[in-house]
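Visitor: what's the 3D shape of this:
(2 chains)
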Number of protein chains: 2
Amino acid sequence: MPATRRQLLQLTAAAAAASAAPLLGQKLAAAMEAPVLQTALFSEPLRIESLDLLKAGPHYLVRARAAGLTGYSEAHSSVMGLAFPILLKRVIPNFVNKDARQLEHLFREAYIAQSNYKWQGLPFWVSMAAVEIAILDLLGHAARQPLGALLGKVTQREIGVYRASGNRGNSPEAEIAYLQKIVAEDGAAAIKYRLGARMRFDDASTRRDLALIPLTRKTFGDAMTIYADANGSYDVPTAIRTGRMMEAHGHRFFEEPVPFDHYDETREVTQALKIPIALGEEEMSLRGFRRIIEQGIADIVQPDLMYFGGLIRSIKVARMAAAAGLECTPHMSGGGLGYLYVAHFASCVPNAGPHQEYKGMDRTLPVTSATSPLKSVNGKLIVPTGPGLGVTIDPDFLKKATIVTL
Amino acid sequence: MPATRRQLLQLTAAAAAASAAPLLGQKLAAAMEAPVLQTALFSEPLRIESLDLLKAGPHYLVRARAAGLTGYSEAHSSVMGLAFPILLKRVIPNFVNKDARQLEHLFREAYIAQSNYKWQGLPFWVSMAAVEIAILDLLGHAARQPLGALLGKVTQREIGVYRASGNRGNSPEAEIAYLQKIVAEDGAAAIKYRLGARMRFDDASTRRDLALIPLTRKTFGDAMTIYADANGSYDVPTAIRTGRMMEAHGHRFFEEPVPFDHYDETREVTQALKIPIALGEEEMSLRGFRRIIEQGIADIVQPDLMYFGGLIRSIKVARMAAAAGLECTPHMSGGGLGYLYVAHFASCVPNAGPHQEYKGMDRTLPVTSATSPLKSVNGKLIVPTGPGLGVTIDPDFLKKATIVTL
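Guide: Numbering: from 1, shown residues only, chains lettered A, B, ... in the order given. Okay, here's the model as predicted:
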């Protein structure tokens, strides 16, 4: 680059480096590199004999088989309906006939193989996540351990949840009634509702915002933990104004105040407000999360366990967050067994935050567990203790499934 | 966030802001916002009656129809074989029955609709690009103007190209022989070859690198423009060492010295070297390019016209680059009509750089042009002057095409 511009930028970089903490950078790099899977649990190789995508009704499942054992994941069916060619051609071939214990290594290799890194994004990472979780379920059966024990130390079995409303455009009164209804369903001690108009705001959404912020607190009282998600709706001044009102009414976090890739603006909002700013649903790169954490862009990081490529990658984000004293509360994109993945994640991640996202259980996928009711009771999900995911999928349902090909 | 950490980050931000150029930020924001499509060319609405994905042999085409006119794009067939569900369900529905003149507006809306922004990535943007180019071809037929005239002012019709080799792992001698062969095919005055081992390097790749860098210059002489692409292979010290050798042998740019999302490390390499650093094939966000340009991360930005979502978005990147005095040389991911898209882009983008990527023409897709030989001759591609893309697809070939459904 030209000398003058280079000098100017070097000055800037020097100023930043002098005041930033290089130690944090080293800690984050170490957290990103450290292995997650507890390979010491396995004394013998476990060759993955087959990996198949199954379809049964609207549901997509990934099935992993090895040594007479079977692992399953629910493959985020609404995404998989569009992503299955990527799963079949760019993901599965990198895992078949490999040793399941090498999962982390296989993951890194699959990211580079076929130039897959160019495809990184929601459909690729959901495919990788579906394969990862099926293999983890398989490994759990091999080691007779629940997922949390494969990925760390299980420190809690009762996971606090928040009930999230997906509504926008309804009246404040209608939204309050809806929130009351879902809270009544399972006695959740925390709620999340939506602000703005998704990636934009207008007069109608602003009127709704201004009414809902005080009304949620007034309705649910001081004991309720209240979160809100703007889905990138605001500009910086509006985000700050809205955030101050949320602070005045004791809200606990403010998700995506401005569009997700407006990092500088998100940081401005984070620096201006006391309420923690949450971000990360759209983040596709471990390096991206490292930057968010290192540069103080947000206070709470939120990898989506499926969109971001599974539990192991998300635990790496949580470890980076821990190194900076931050929480990592995963985003949960709904449906299928997502609530179960989040529960296993929180069972072994100390900084997962007090409440995990819960959108209700998908009752069309017939799973049972001997060690958990598989639903939120009194605002808590019990993490199954059986091997792997700790659930059994109805064999009659599985019999109806067909293998998806392209 | 906690007060001490916030204060520290505010200090850093203040230091950065004081030495960086706020004017550049304003210019980049303006370049990103300014319209590209020359809507003044159209006096009447042009309602898109249908948008179809066609398949003929291995080829995928998008066909746009309106008012008796038809526009086509080749839809990056190797990608579309895996991305077609996304094209069909998340992209096409946002354009049908809309006014084609509103293309830029429709694009912004389609990015937000169905929460598509969460899907941003190669398969989504290739789908958007395929639709955009088919609509541009349609608009070109309506206005009787070539693509370049719809998107700006056509300033050149003869586009210099570089021949890119995709080889790795062969001997330096074999690679030199291959480069000589492709240069002889069309008399290109510029070449690009590959360094490293793709997202990694080892002893064998390093030996090949160290031999090829001087050997390319020695073989092709001082008149040849030489580029090289490391595809993210190196760490910072190796990238700097390799770059210095490239400087000593007069190479013109050094593409992706370190992994693409290692922005801080890329900037270190950019600041340490005189040879321009090129980056951008994997960039999926306009904001991402703005950051690369604003923070001096690279010297040459390289949106892939398909991966990044088409010509209009890429021209916005070129305009941002121009505001910072940089070149924008698009990446071309090969096959189909990619060479033609690049030629139209360069015809109306003054800072497109002296040579565009050219991987040879795909001779299995039967297209003809009355105004261009549609291949590089003496290292130059002639941009067709007919309406839209300026080519005709063989009607017999189109007759064999079937409409893809999901």
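Visitor: And residue A:301, its phi and psi?
Guide: Main-chain torsions, residue A:301, degrees, to the nearest 10: phi -100, psi 140.
Visitor: again with the one 4 residues further on
Guide: Its backbone dihedrals place residue A:305 at phi -60, psi -30, with angles given as degrees, to the nearest 10.
Visitor: and residue A:285, what does it touch?
Guide: In this structure, residue A:285 makes contact with A:120, B:261, judged by C-beta atoms under 8 Å, 6 or more residues apart in numbering or on different chains. (C-beta placed from N, C-alpha, C; glycine too.)
Visitor: partners of the residue nearest the centre of chain A in the sheet?
Guide: Ranked by distance to the mean C-alpha position of chain A (C-alpha atoms, centre = their mean), the top residue is residue A:304 at 2.4 Å. The partner list for residue A:304 in beta bridges (DSSP bridges) reads residue A:331.
Visitor: can you pull the pLDDT of it?
Guide: At residue A:304, the predicted lDDT confidence score is 98.
Visitor: Please apply the same query to the one 10 residues further on.
Guide: For residue A:314, the pLDDT comes out at 98.
Visitor: can you tell me if the lengthiest helix in chain A touches chain B.
Guide: Longest helix in chain A by number of residues, with DSSP state H as the criterion: helix A:122-143. Yes: using C-beta under 8 Å from any C-beta of the partner chain, helix A:122-143 reaches chain B at A:122-124.
Visitor: Mind listing what's buried along whichever helix or strand comes after that helix?
Guide: Tracing the chain past helix A:122-143, the next element assigned as helix or strand by DSSP states H and E is helix A:147-151. Neighbour counts using 16 or more other C-beta atoms under 10 Å in any protein chain shown place A:147-151 of helix A:147-151 among the buried residues.
Visitor: and residue A:241, which of the three is it?
Guide: At residue A:241, secondary structure determined by DSSP: H, G, I helix; E, B strand; the rest coil is helix.
Visitor: Counting neighbours, what do you get for it?
Guide: One way to gauge burial is a neighbour count; for residue A:241, by other C-beta atoms under 10 Å in any protein chain shown, it gives 13.
Visitor: Could you list which residues are in contact with it?
Guide: Applying C-beta under 8 Å, 6+ apart, we find residue A:241 in contact with no residue.
Visitor: Can you tell me how far residue A:168 is from chain B?
Guide: Remark: distance between residue A:168 and chain B (C-beta to the nearest C-beta, to the nearest Å) = 12 Å.
Visitor: swap that for residue A:25, sorry
Guide: Between residue A:25 and chain B the distance, using C-beta to the nearest C-beta, works out to 9 Å.
Visitor: go on, residue A:56?
Guide: As judged by C-beta to the nearest C-beta, residue A:56 and chain B stand 19 Å apart.
Visitor: I'd assumed residue A:396 was in contact with that residue.
Guide: No: with the criterion set as C-beta atoms under 8 Å, residue A:56 and residue A:396 do not qualify as a contacting pair; they are 10.2 Å apart.
Visitor: So which of the two has more stuff around it?
Guide: The neighbour count for residue A:56 versus residue A:396, taken as other C-beta under 10 Å, is higher for residue A:56 (18 against 8).
Visitor: can you tell me the helix or strand for residue A:108?
Guide: helix A:103-112.
Visitor: Measure how that helix sits relative to helix A:122-143, angle-wise.
Guide: Regarding helix A:103-112 and helix A:122-143, their directions subtend 160 degrees when assessed with axes from the mean of the first three to the mean of the last three C-alpha atoms, to 10 degrees.
Visitor: What residue in the stretch 301-406 of chain A comes nearest to chain B?
Guide: Closest approach between the stretch 301-406 of chain A and chain B, counting by C-beta to the nearest C-beta: residue A:307, at 7.0 Å.
Visitor: which residues touch that residue?
Guide: A:122, A:125-126, A:129, A:281-282, A:284, A:331, A:333, B:118.
Visitor: Break down the stretch 251-400 of chain A into its strands, ranges please.
Guide: In chain order, the stretch 251-400 of chain A shows strands spanning A:253-255, A:277-279, A:300-301, A:327-328, A:356-358, A:367-368, A:380-382, A:392-393, with DSSP state E, counting those that start in this stretch as the criterion.
Visitor: Output the residues of helix A:122-143 next to chain B in TSV; the columns should cover distance to residue B:94 and neighbour count.
Guide: Putting the residues of helix A:122-143 next to chain B into TSV (distance: C-beta to C-beta, whole Å; neighbours: other C-beta atoms under 10 Å in any protein chain shown) gives the following:
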residue	distance to residue B:94	neighbour count
A:122	17	30
A:123	18	30
A:124	22	27
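Visitor: can I get the residues you listed in JSON lines with distance to residue A:267 and pLDDT?
Guide: Putting those into JSON lines (distance: C-beta to C-beta, whole Å; pLDDT from 0 to 100) gives the following:
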{"residue": "A:122", "distance to residue A:267": "24", "pLDDT": "98"}
{"residue": "A:123", "distance to residue A:267": "29", "pLDDT": "98"}
{"residue": "A:124", "distance to residue A:267": "28", "pLDDT": "98"}
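Visitor: Closest one of those to residue A:268?
Guide: Of all these, the one with the least separation from residue A:268 (C-beta to C-beta) is residue A:122, at 26.9 Å.
Visitor: Spell out which parts of the stretch 301-406 of chain A neighbour chain B.
Guide: Proximity of the stretch 301-406 of chain A to chain B (C-beta under 8 Å from any C-beta) is limited to residues A:307, A:325.
Visitor: 10 Å instead?
Guide: If contacts are counted using C-beta under 10 Å from any C-beta of the partner chain, the residues of the stretch 301-406 of chain A sitting beside chain B are A:304, A:307, A:324-326, A:333, A:406.
Visitor: all helices for chain A, in order.
Guide: Taking DSSP H as the test, the helices found in chain A are A:3-19, A:22-33, A:77-86, A:103-112, A:122-143, A:147-151, A:172-186, A:203-220, A:236-248, A:263-272, A:286-294, A:311-323, A:338-348, A:395-399.
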